[in-house]
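> my questions are about this predicted structure, shown below with the sequence.
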Amino acid sequence: MITEELYGGYSIACEVIPMGKDYTLAVYGGDTPHAGSVVMSTARPSLTGEGIGVTSSVLTGLGHKDDVVAKLFAEAVAKKRNCTAVCACGIHIDHMDSVQLELVKQKCMCLLQKVLDEVESGFPSHS
C-alpha cells in the first residue's frame, strides 16, 4: 500500500494489484473510504499513429465525483505499462472547503507519481 498524508489525520492510499500484465488499483481515504467510481482503461496505439493512447470506461455512483481521480490513475498506469488498468476510487471528507479540496488534488498527484514509480520498477512483485 502506498499512502499520502492529508490534513487533520486523514490520508489517501493506493493498493496496487498486478494481474498478469494488467493492474487493479484501489484508491481510497478521508473519513469515509468507499467505492464511488470505477474506471477501466486500456492502452492502444494512438489514433494519431504516434505513441500510446488510452480508451476508458467509467462507472460513477450517484452524486460521486471520484471518477476524476479514478480515471487519472487508471489511464496513467495503462499508458505507462501498455496494459489494462482498473481503478476503484472513493475519497470522502465531510465539510471540505476549496483550500482542502485543492490539497487533496495535489496529494492525489503525489500519490499517483509514487504509484507510477512503483509500477515502472515492476512493483509489486509476487513470488
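Done, it's in. Residues are numbered from 1 along each chain as shown.
> quick one, helices of this structure?
67-81, 98-120 (DSSP state H).
> any idea which of those helices scores lowest on pLDDT?
Lowest mean pLDDT within these: helix 98-120, a mean of 93.
> which strands or helices does that helix pack on?
Packing partners of helix 98-120 (3 or more Cβ pairs under 8 Å, 6 or more residues apart in numbering; DSSP states H and E): strand 2-5, strand 11-19, strand 22-30, helix 67-81. C-beta: built from backbone N, CA, C; applies to glycine.
> recalculate using a threshold of 7 Å.
Helix 98-120 sits against strand 2-5, strand 11-19, helix 67-81, with contacts defined as 3 or more Cβ pairs under 7 Å, 6 or more residues apart in numbering; DSSP states H and E.
> please identify the deepest-packed of the helices of the chain.
Of these, the one with the most neighbours on average (mean count of other Cβ atoms under 10 Å) is helix 67-81, at a mean of 23.
> how distant is that one from the center of its chain?
Here helix 67-81 is found 6 Å from its chain centre; the criterion is Cα atoms, centre = their mean, to the nearest Å.
> may I have it as CSV, with CA atoms only?
Provided in CSV are the C-alpha atoms of helix 67-81 (Å, rounded to 0.1, in the frame of the first residue of the first chain):
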residue,chain,number,x,y,z
ASP,A,67,-14.3,9.3,-11.3
VAL,A,68,-11.9,12.2,-11.8
VAL,A,69,-9.3,10.6,-9.6
ALA,A,70,-10.1,7.0,-10.8
LYS,A,71,-9.7,8.0,-14.4
LEU,A,72,-6.4,9.8,-13.8
PHE,A,73,-4.9,6.8,-12.1
ALA,A,74,-6.3,4.1,-14.4
GLU,A,75,-5.2,6.0,-17.6
ALA,A,76,-1.8,6.8,-16.3
VAL,A,77,-1.0,3.2,-15.3
ALA,A,78,-2.5,1.8,-18.5
LYS,A,79,-0.3,4.2,-20.6
LYS,A,80,2.8,3.7,-18.5
ARG,A,81,2.6,-0.2,-18.7
